[in-house]
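Chemist: Quick one, structure for this:
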Amino acid sequence: GLYGEHEMEGALGGNLSGQHPFAVAEAAARGLCLDSTSQSVLVSGESGAGKTETVKKVLQYLSFRSRREGTIAENKVLGIDDLVVRTNPILEAFCNAK
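Modeler: Numbers count the residues shown, from 1 in each chain. Predicted structure coming up:
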């Protein structure tokens, strides 16, 4: 498949093309971790083009990557998915602000 664990492993080694969601996510993660520069991933397209699914794949890869490397916080390993869930109330507050 296009989005399996084999492809995620390939993205870690830089073996995927630049437009694959895992390759884009890896480039952003490397920029953040190695260069300490803020990163953004912009997913655009027409209605029905798969933007939501692409974002899910980017987050899936970042979760996979963070679980491989681990993030030390509160004496346990947290994945990016755990960190995103913890920030969700803050994000919702911004989105719902009037």
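
Chemist: average pLDDT across the longest helix along the chain?
Modeler: In the chain, with assignment by DSSP state H, the single longest helix is helix 51-69. Helix 51-69 shows a mean pLDDT of 84.

Chemist: For the protein, which element, helix or strand, carries the lowest mean pLDDT?
Modeler: strand 71-73 (a mean of 46; mean pLDDT, DSSP states H and E).

Chemist: quick revisit: ok now the longest helix of the chain, how far from the chain's centre?
Modeler: Taking Cα atoms, centre = their mean, to the nearest Å, one finds the center of helix 51-69 at 4 Å from the center of the full chain.

Chemist: Any buried residues in it, and which?
Modeler: Residues of helix 51-69 classed as buried by neighbour count (16 or more other Cβ atoms under 10 Å): 54, 57-66. Every C-beta, even on glycine, is put in place using the N, C-alpha and C of the backbone.

Chemist: all helices of the protein, in order?
Modeler: Using DSSP H, helices in the chain cover 5-12, 21-35, 51-69, 80-96.

Chemist: Take those and write them to TSV, including distance to V43.
Modeler: Converted to TSV, the helices of the chain look like this (distance: least, Cβ to Cβ, whole Å):
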stretch	distance to V43
helix 5-12	16
helix 21-35	8
helix 51-69	5
helix 80-96	16
